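Enquirer: the following block contains a protein sequence and its predicted model.
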Amino acid sequence: ILNVEQSPQSLHVQEGDSTNFTCSFPSSNFYALHWYRWETAKSPEALFVMTLNGDEKKKGRISATLNTKEGYSYLYIKGSQPEDSATYLCALNQAGTALIFGKGTTLSVSS
Amino acid sequence: EAGVVQSPRYKIIEKKQPVAFWCNPISGHNTLYWYRQNLGQGPELLIRYENEEAVDDSQLPKDRFSAERLKGVDSTLKIQPAELGDSAVYLCASSFSGGYQETQYFGPGTRLLVL
């Protein structure tokens, strides 16, 4: 069974702190990795789609890196703000077109 | 541009009752997905449509779940009869053609509680 692991499960930071999360996945048959942000009572919002080993993507204060050979991706948030509070999901597209999600990392940023 | 629309947003029913969820994907998107997120888990695919055709329904519990996508646009997911274990968030997503690099756009989900 394909397993996508995310760590930590949750974390709490202060406004202005920088933070990062990890997504680990099997490195074989890799096609693409997706990152989503899901705020309570809203739709999951797509952040990045990453396909190539060494990919780095950036959107404002959020960035992500990808290592397909060792099977991990990092998501970084620089200078966390309360509005960054959400659950961050990574999802692997291995061979078909259904996404296989991790359980998510829930971030809480206090002011 | 309107996003993926789902209704209802919340539903509370008693076990053994039927329930239906509706999804309207982004205009022009040919691929539609239904996912279920159980508490503490990531979303899991129930069924994927390419236009009107269900191309992957291997994870759909067919004894009680059914889905349809008439005319290749809106979709309905039904549970009959509902069980306590069906309490979850049901997410609908759509993409233009279903390619692995394509972003899947999600609706806000329907939160189902079965009592």
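Expert: That came in fine, so what should we check first?

Enquirer: roughly how far does the residue of chain A found nearest chain B sit from B:Leu91?
Expert: Taking Cβ to the nearest Cβ as the measure, chain A has A:Phe101 as its residue closest to chain B, at 3.1 Å. Where C-beta positions appear, they are placed from N, C-alpha and C, glycine not excepted. To B:Leu91, A:Phe101 is 10 Å away according to Cβ to Cβ, to the nearest Å.

Enquirer: kindly report the same for B:Ser66.
Expert: 18 Å.

Enquirer: which one of those two is surrounded by more residues?
Expert: B:Leu91 (27 against 16; other Cβ atoms under 10 Å in any protein chain shown).

Enquirer: neighbouring strands for the helix or strand hosting the more buried one, and are they parallel or not?
Expert: In this structure, B:Leu91 sits in strand B:88-95 according to DSSP states H and E. Paired strands of strand B:88-95, with direction, are strand B:31-37 (antiparallel), strand B:105-106 (antiparallel), strand B:110-114 (antiparallel) (DSSP bridges).

Enquirer: low-scoring pLDDT stretches of the chain, where are they?
Expert: Just so you know, I chose chain A. A:1, A:96-97 (pLDDT under 70).

Enquirer: let's do chain B instead
Expert: In chain B, residues with pLDDT under 70: B:1.

Enquirer: please enumerate the strands of it.
Expert: B:5-7, B:10-13, B:19-24, B:31-37, B:44-50, B:53-56, B:65-68, B:75-79, B:88-95, B:105-106, B:110-114 (DSSP state E).

Enquirer: show me the contacts for the residue of chain A closest to chain B.
Expert: A:Val4, A:Leu89, A:Cys90, A:Ala91, B:Gly42, B:Pro43, B:Glu44 (Cβ atoms under 8 Å, 6 or more residues apart in numbering or on different chains).

Enquirer: most neighbours of all those residues, which one?
Expert: Neighbour max across those (other Cβ under 10 Å) = A:Cys90, 31 neighbours.

Enquirer: who's it bridged to?
Expert: A:Trp35.

Enquirer: hmm, A:Glu5 and it touching each other?
Expert: No. A:Cys90 is beyond contact range of A:Glu5, at 9.2 Å (criterion: Cβ atoms under 8 Å).

Enquirer: got the contact list for the residue sitting nearest the centre point of chain B?
Expert: Residue closest to the average C-alpha location in chain B (Cα atoms, centre = their mean): B:Trp34, at 3.0 Å. Counting by Cβ under 8 Å, 6+ apart, B:Trp34 touches B:Cys23, B:Leu45, B:Leu46, B:Ile47, B:Arg48, B:Ala67, B:Ser75, B:Leu77, B:Tyr90, B:Leu91, B:Cys92.

Enquirer: for the closest residue to the third one other than its chain neighbours, give its distance to chain A.
Expert: By that I understand B:Leu46. Of all residues not flanking B:Leu46 in the chain, B:Trp34 sits nearest, at 4.4 Å (Cβ to Cβ, 6 or more residues apart in numbering or on different chains). Per Cβ to the nearest Cβ, to the nearest Å, B:Trp34 is found 11 Å from chain A.

Enquirer: just to revisit the earlier point, show me whatever sits in contact with both of A:Cys90 and A:Glu5.
Expert: A:Cys23, A:Phe25, A:Gly102.

Enquirer: fine, thanks again, bye for now.
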